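*Asks:* 3D model of this:
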Amino acid sequence: MSLRVAGRCAGAFFLLAFVAYGVGSALPGAAGAALVALNSALVAAIGALAFRALRPAHPGAAWAYLVARGAEAFLLAAGLVLRDSAGAGAADIAYQAAMLSLGLGSVPFCLALARQRWLPGWLAAWGVAGYALLAAGAAAELAGIRVGVVPAAPGGLFELVFGVLLLARGFAPATDGRPGPTGDGASVAAGAGDARARRAARAAGVGLLLMAILAGLANFGVVEPLAAADAAGSTGMPLSHQRALVLAVVALLAVACLDVLVAWALRAFLADAGRVVALLAAWCRTGYAVVFAVAITHLVAAAGLLRDGGTDRIDAAVRARITDFTQVWSLGLLLFGVHLLLVGWLAWRSAAVPTWVAALVAVAGAGYLVDSIGALTPGGQPVQIATVTFVGEVVLMGWLLVVAGRAPGGRRSPDRDAGRARRAQPA
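*Replies:* This next block holds a predicted model:
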């Protein structure tokens, strides 16, 4: 599919999605649900088409937009289900989280379009301002500050204009007339490969660091205290239970999105050690992120129940939703453990990663697998091994941040590289 055809398809999907969600959210019953589901499919398709077009020139913006659109599609569909099962409050939280994801992911997308000269400068600036305002309005709504639909209007109008523009001309490739790289082709390719590996390592390290901060604050600062709260409901938290839980939901959704980005950054960094295994490892973590997102919808339902009830009381229904979150998350950790085992194997084969780092990552993966399988047994598992073995993740994060991007490819001495290369050869 050419850039022009892909762009025209994306333009048609922009316009169809606008109509599908607008009409579907107003229609009751199965017809409305079908249109909202169609909107989610169109949103995901827009992200995929834009990713295909932008990835060669702006991979960071392309990945951010793809994941943001995927999160938006998931949350809009989840809101449809939550409206029936948990009430209007949960559906509204899911919708606002979807708009926050769309706004944050679309700002770098518009900037990349401007750099490619696929958008006029004034229209790209409109898009950046509109999506930033959309994200700010969604964040305010999630924080309990009512701002209405006004902040969403500029971004919505931009999508209509952008959709018409794409429908008319598609993605127009940049023609800046700059010469391509000169010199020895193999040297240029090798240098580009090392640069991509360093960027992927840094991206994975930064993503893991952000995930550790967000997940720690959300899980240990909010979810676990609420799960332990008594039926009367006060845990001494500085915010109300409902507001704190909404903030935790946003943080954990960000972690799920970062999981996807980290998965594919690690795949790019470790692909030379085994492309098929690296691809499998990336899909395992992506699958885990999807399961984790499904688990988070139970927290969305819990926050919605608190919002609809107008109280901070942690009753049986809220407690059950928090328990469901924990159980579904535990199932997803099976895939996460497999991912870490595969990453450990790839790191062991790689000429860039020290053997001790690879071993600790593999041990961390084994710990998650043992804990997850133990949780499925009738009596449960009294000891959580991952509370000790998780150190492998921390070591990997630190090594990616400190060492991997410091020198080209993070390589060691030629003798040790040669030994690792021999180990990587098939038997």
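*Asks:* Below-threshold pLDDT in the stretch 301-427 of the chain: ranges please.
*Replies:* Filtered on pLDDT under 70, the stretch 301-427 of the chain yields the residue ranges 310-312, 375-383, 386, 404-427.
*Asks:* contacting residues for Ala26?
*Replies:* Counting by Cβ atoms under 8 Å, 6 or more residues apart in numbering, Ala26 touches Gly32. No exception for glycine: its C-beta is placed from N, CA and C like everyone else's.
*Asks:* Over to Cys257?
*Replies:* So Cys257 contacts Val67, Ala68, Ala71, Ser101, Ala289 (Cβ under 8 Å, 6+ apart).
*Asks:* again, only using 6 Å
*Replies:* Contacts here follow Cβ atoms under 6 Å, 6 or more residues apart in numbering; on that basis Cys257 touches Val67, Ala71.
*Asks:* give me the element it is part of.
*Replies:* Per DSSP states H and E, Cys257 falls inside helix 241-270.
*Asks:* Tell me what angle the helix or strand just after that helix forms with helix 241-270.
*Replies:* For helix 241-270, the succeeding helix or strand toward the C-terminus, using DSSP H and E, is helix 275-309. Angle of helix 275-309 versus helix 241-270, following axes from the mean of the first three to the mean of the last three Cα atoms, to 10 degrees, is 170 degrees.
*Asks:* for the chain, which residue is closest to the average position?
*Replies:* Nearest to the centroid of the C-alpha atoms of the chain, with distances taken as Cα atoms, centre = their mean, sits Cys257, at 1.1 Å.
*Asks:* any idea how far that one is from Arg69?
*Replies:* Here the criterion is Cβ to Cβ, to the nearest Å. By it, Cys257 lies 11 Å from Arg69.
*Asks:* ok now the helix holding Cys257, how far from the chain's centre?
*Replies:* Taking the mean of its C-alpha atoms, helix 241-270 sits 5 Å from the chain's own mean (Cα atoms, centre = their mean, to the nearest Å).
*Asks:* Then stretch 17-36?
*Replies:* Remark: stretch 17-36 is offset 26 Å from the chain centroid, using Cα atoms, centre = their mean.
*Asks:* do the same with stretch 22-39
*Replies:* The gap between where stretch 22-39 is centred and where its chain is centred comes out at 26 Å by Cα atoms, centre = their mean.
*Asks:* What are the buried residues along that stretch?
*Replies:* When burial is assessed from 16 or more other Cβ atoms under 10 Å, stretch 22-39 yields the following buried residues: Gly24, Ser25, Ala33, Leu35, Val36, Ala37, Leu38, Asn39.
*Asks:* which among these gets closest to Ser85?
*Replies:* Distance to Ser85, by Cβ to Cβ, is smallest for Ala33 among these, at 13.0 Å.
*Asks:* Need the nearest residue in space to the closest one, chain neighbours excluded.
*Replies:* Nearest in space to Ala33, with sequence neighbours left out and distances taken as Cβ to Cβ, 6 or more residues apart in numbering, is Leu80 at 5.8 Å.
*Asks:* Burial check on the one you found, number of neighbours?
*Replies:* Here the number of neighbours of Leu80 (other Cβ atoms under 10 Å) works out to 22.
*Asks:* Was I right to think it contacts Val36?
*Replies:* Yes - here Leu80 reaches Val36: they are 5.0 Å apart, a contact under Cβ atoms under 6 Å.
*Asks:* which residues in the stretch 51-200 of the chain form strands?
*Replies:* Applying DSSP state E, counting those that start in this stretch to the stretch 51-200 of the chain gives no strands.
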